[in-house]
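Peer 1: got a sequence here, can you build the structure:
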Amino acid sequence: MRLDHVTALVTGAGSGIGEAVSSHFRREGARLLLTSRRERIDTAQPDDLYVPGDLNDEAFVEALARQAAESFGTVDVVVLNHGLQASSPLTEMTCEAAKNVLDSNLLSAFLVMKHFAPLMPATGGAFVCVSSRLGMVGKPGEVLYSAAKGGLIMLAKGAAIEWAARNIRVNVVAPGLTVTPIIEASFQRSPDPEAHRRERESQIPLQRLATPEEVADAVLFLASSESTYITGAVLPVDGGYTAF
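Peer 2: From the prediction side, this is the model:
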């Protein structure tokens with residue numbers, strides 16, 4: 001098993017990509033520390049340690065790191081999968097909403113990296129940040145989200161260089177549109193959900209959305225010993241969207 005004897009933190013573990021990553025890691029032998037804002041998640045298993053909380057709150061992140069140290073000693077892999085997407089024209093977005101998007105996607109990632117890098121063993125470890133195709137290309141109505149996810153990419157690249165001497169690898173997976181509950185709900189809000197889906201799929205070279213499992217495959221690769229000479233990389237899992 002590719003993650004045998006590995007302890008991993010997965011954030012945003014409640015559904016979608018986070019749920020798929022947790023399932024993949026569990027299958028490959030990892031011990032899991034899971035977190036999300038939800039009070040409980042049905043997919044957590046008895047051997048998992050699930051701790052709900054707000055990663056925008058440094059006091060919670062510090063407490064989570066202490067609990068990880070007490071329960072596991074070290075943490076080998078951290079998957080930063082949490083975040084918040086908010087659509088709004090730039091001139092109509094409130095400052096409060098903009099700060100919330102930046103905090104939830106970027107500042108919270110910084111806080112987790114700050115407090116969990118010291119828990120990685122002397123032999124090294126791996127961070128995998130889940131960004132977005134919109135961290136590399138712009139889109140009307142998603143400007144702050146793009147800025148936050150682009151910032152996450154640069155946070156990962158800088159950390160990869162800063163921590164290379166410690167053999168802590170930091171990489172990014174950048175998914176395109178993925179079949180998650182959030183995306184499905186956004187389709188359902190359209191007057192014609194199926195037409196909206198077809199329109200979005202037509203913008204993707206592979207003509208379909210990703211599954212959470214396909215994104216989780218990429219995360220697993222970057223977390224495992226199969227990628228030990230890869231750091232500071234961005235791996236698009238977007239059906240060719242950013243290849244244009």
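
Peer 1: could you use CA atoms for every contact and neighbour count after this?
Peer 2: Fine.

Peer 1: pLDDT score for Val215?
Peer 2: Val215 is assigned 98 on the pLDDT scale.

Peer 1: distance of it from Asp238?
Peer 2: Using Cα to Cα, to the nearest Å, Val215 is found at 9 Å from Asp238.

Peer 1: then Phe110?
Peer 2: To Asp238, Phe110 is 25 Å away according to Cα to Cα.

Peer 1: which one of the two is surrounded by more residues?
Peer 2: For Phe110 versus Asp238, neighbours defined as other Cα atoms under 10 Å are more numerous around Asp238 (24 against 20).

Peer 1: quick one: contacts for the more buried one?
Peer 2: Applying Cα atoms under 8 Å, 6 or more residues apart in numbering to Asp238 gives the contacts 133, 174-177, 204, 209-210.

Peer 1: now Leu80: phi and psi?
Peer 2: phi -90, psi 90 (degrees, to the nearest 10).

Peer 1: look at it and report its pLDDT.
Peer 2: Confidence at Leu80, expressed as pLDDT, is 98.

Peer 1: before we move on, what about the one 5 residues further on?
Peer 2: Reading off the per-residue confidence, Gln85 sits at a pLDDT of 86.

Peer 1: could you find the closest non-adjacent residue to it?
Peer 2: Of all residues not flanking Gln85 in the chain, Tyr145 sits nearest, at 6.1 Å (Cα to Cα, 6 or more residues apart in numbering).

Peer 1: that neighbour should be in a strand, yeah?
Peer 2: No - residue state for Tyr145 (DSSP: H, G, I helix; E, B strand; the rest coil) corresponds to helix; a strand is not indicated.

Peer 1: tell me how far it lies from Val77.
Peer 2: As for Tyr145, its distance to Val77 is 25 Å (criterion: Cα to Cα).

Peer 1: with Ala160 instead?
Peer 2: Separation of Ala160 from Val77 (Cα to Cα) stands at 14 Å.

Peer 1: cool, and Lys139?
Peer 2: 32 Å.

Peer 1: neighbour-wise, which of these two wins?
Peer 2: Val77 (29 against 11).

Peer 1: does the lowest-mean-pLDDT helix or strand in the chain pack against any helices or strands, and if so which?
Peer 2: Within the chain, no helix or strand scores below helix 181-188, which has a mean of 90 by mean pLDDT, DSSP states H and E. Judged by 3 or more Cα pairs under 8 Å, 6 or more residues apart in numbering; DSSP states H and E, the packing partners of helix 181-188 are helix 193-202.

Peer 1: in the very next helix or strand once past the helix it packs on, what counts as buried?
Peer 2: Downstream of helix 193-202, the next assigned helix or strand under DSSP states H and E is helix 212-223. Buried positions in helix 212-223, judged by neighbour count with 16 or more other Cα atoms under 10 Å: 212-220, 222-223.

Peer 1: OK, contacts around the closest residue to Asp54 other than its chain neighbours?
Peer 2: Of all residues not flanking Asp54 in the chain, Arg37 sits nearest, at 5.8 Å (Cα to Cα, 6+ apart). Counting by Cα under 8 Å, 6+ apart, Arg37 makes contact with 12, 52-54.

Peer 1: for Arg37, give me the pLDDT.
Peer 2: Arg37 is given a pLDDT of 95.
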